[in-house]
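> Sequence below, structure please.
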Amino acid sequence: MENNLPKGWTKAPLKSIADARMGETILAKELTKNGVPVYSAGQDNSPWGFLEKPKKINSKGTIVVSARGSIGFPKIPANDSFASTQTTIALKLRDEKLTSFCCLWLKTVNWNELTKGGAIPMLTVGDINKLVMPLPPDREREKILSKLKLLLPKVKDAQSRLDKIPLIIKRLRQSIIEQAFANIDEEDLVALGNVLPKGNIFDGPFGSDLKTVDYTSSGVRVIRLENIGRLKFIEEKKSYISNEKYKTLLKHTVYERDIIFASFIADEIRVCVLPKLKTKTIAKADCFCVRPDKNINPEFLAFQLTCNRVYDLLVGEVHGVTRPRINTTQLKKLMVYIPPIKKQMAIVQKIKYSLHALDHVEQAFNKVKAYTDKLEQSILAKAFRGELVS
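Down below sits the predicted model:
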């Protein structure tokens, strides 16, 4: 291998084999229902819209590269002619036989190393022109393309099938919980507010009680809506207030094993049991605290609160159009099943045992997904090293 290239291969600077130009400035309000298709940045290889009389028209076989924000994602629109926005660079190969090969090779470029710094990543025509493409002899190039056309659709198909699995796992998790609370007699249901000590369901501070300016880089932890997952506390997103501010909000303090319930329930109920945290903690507005006493297992109640029965009851009580929510009064009126503590514990153990088995399935899926996510790049890298075909 000479100059890091297989025998017979050459180095082809893009500026010597292709013409690159920026797309034109096109605003959303200028788009029309008909006309010339307009392509924008990103992975989507369908028109963003249409324009009656674009200033720059690209012919079929022109490669579109995302040049602003989302960088790279080379694609070849299927249209006979099209325009592209100022967020793209149009690249036209002078020899059309090289177009497909070049587009696939561009997928292997490390765009992060090529782009300019700044708040918004940016790619220029000058950056594109600096690229040098490895170019095999014509016959080998066609063999490589044929092999890639055979392999890459299979990779895409595998990825598409795998993309469905997280939803299947989510549904299985839900079915495990639903089954645990199936066949409950209405006679056994009681209002949540009636089985908790007075004051054990409360909201966080509203309005002027807690402002944006009150937040600090450290101090007392503040639980926000973004921390509440579905049966999961999201630890990574952290907010704090000072100890001085905390002294004015003592009644909103929450503790380990408290249940935190998100008031917004448009699509699903988000609720979690609070783990042990390193600092004192309060819950923000719209993060309801439900504090069970010794007769209620927090995990049992949290599991139950995610059931479809509970969602159906509460969703009928929502108020607000843009962000449907419930209030603590409605939560207190919610009818729940509270058997003796030993039975609660048994139900929790049964649910956790089944969910644990499903965790192993999810872990196996994640490993396979990580492998397939890298598979296309691995195949392309091998192709452009001359190792894919003999």
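> per-domain residue ranges of this protein.
Domain ranges of the chain: 10-135, 188-335, per automatic domain parsing.
> Just the helices from the stretch 251-390 of the chain, written as ranges.
Remark: helices assigned in the stretch 251-390 of the chain by DSSP state H, counting those that start in this stretch are 298-305, 308-315, 328-333, 341-383.
> Throw those into JSON lines and include mean neighbour count and mean pLDDT, thanks.
To be clear about C-beta, it is placed using only N, CA and C from the backbone, and glycine gets the same treatment. As requested, the helices of the stretch 251-390 of the chain are exported to JSON lines (neighbours: other C-beta atoms under 10 Å; pLDDT from 0 to 100):
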{"stretch": "helix 298-305", "mean neighbour count": "22", "mean pLDDT": "98"}
{"stretch": "helix 308-315", "mean neighbour count": "16", "mean pLDDT": "93"}
{"stretch": "helix 328-333", "mean neighbour count": "16", "mean pLDDT": "96"}
{"stretch": "helix 341-383", "mean neighbour count": "14", "mean pLDDT": "96"}
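> Redo those as TSV? Include distance to Ile128.
Converted to TSV, those look like this (distance: least, C-beta to C-beta, whole Å):
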stretch	distance to Ile128
helix 298-305	53
helix 308-315	51
helix 328-333	57
helix 341-383	18
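> wait, which of the ones you listed is closest to Phe101?
Ranking the helices of the stretch 251-390 of the chain by proximity to Phe101 (C-beta to C-beta) places helix 341-383 first, at 9.3 Å.
> Pull the number of nearby residues for Leu334.
Neighbour count of Leu334, defined by other C-beta atoms under 10 Å: 20.
> Got phi/psi on it?
As for Leu334, its main-chain torsions (degrees, to the nearest 10) stand at phi -60, psi 130.
> And the domains of the chain: which comes nearest Ile379?
Closest to Ile379 of those is domain 10-135 (C-beta to C-beta; 9.8 Å).
> Now do the end-to-end distance for the closest one.
Start-to-end span of domain 10-135 (C-alpha to C-alpha, to the nearest Å) is 5 Å.
> Now do it, average pLDDT.
Taken as a whole, domain 10-135 has a mean pLDDT of 94.
> if I look at the closest residue to Lys15 other than its chain neighbours, how far off is Ile17?
Closest residue to Lys15 apart from its sequence neighbours, by C-beta to C-beta, 6 or more residues apart in numbering: Asn129 at 4.0 Å. Between Asn129 and Ile17 the distance is 11 Å, computed by C-beta to C-beta, to the nearest Å.
> How about Gly72?
Distance of Gly72 to Ile17, given as C-beta to C-beta: 19 Å.
> So which of the two has more stuff around it?
Using other C-beta under 10 Å, the more surrounded residue of Gly72 and Ile17 is Gly72, with 20 against 14.
> Which of the three states applies to the more buried one?
In three-state terms, and counting by DSSP: H, G, I helix; E, B strand; the rest coil, Gly72 is strand.
> So for stretch 231-251, what gets flagged as buried?
Buried residues in stretch 231-251, counted by 16 or more other C-beta atoms under 10 Å: 231, 238-241, 245-246, 249.
> Alright, that wraps it up for me.
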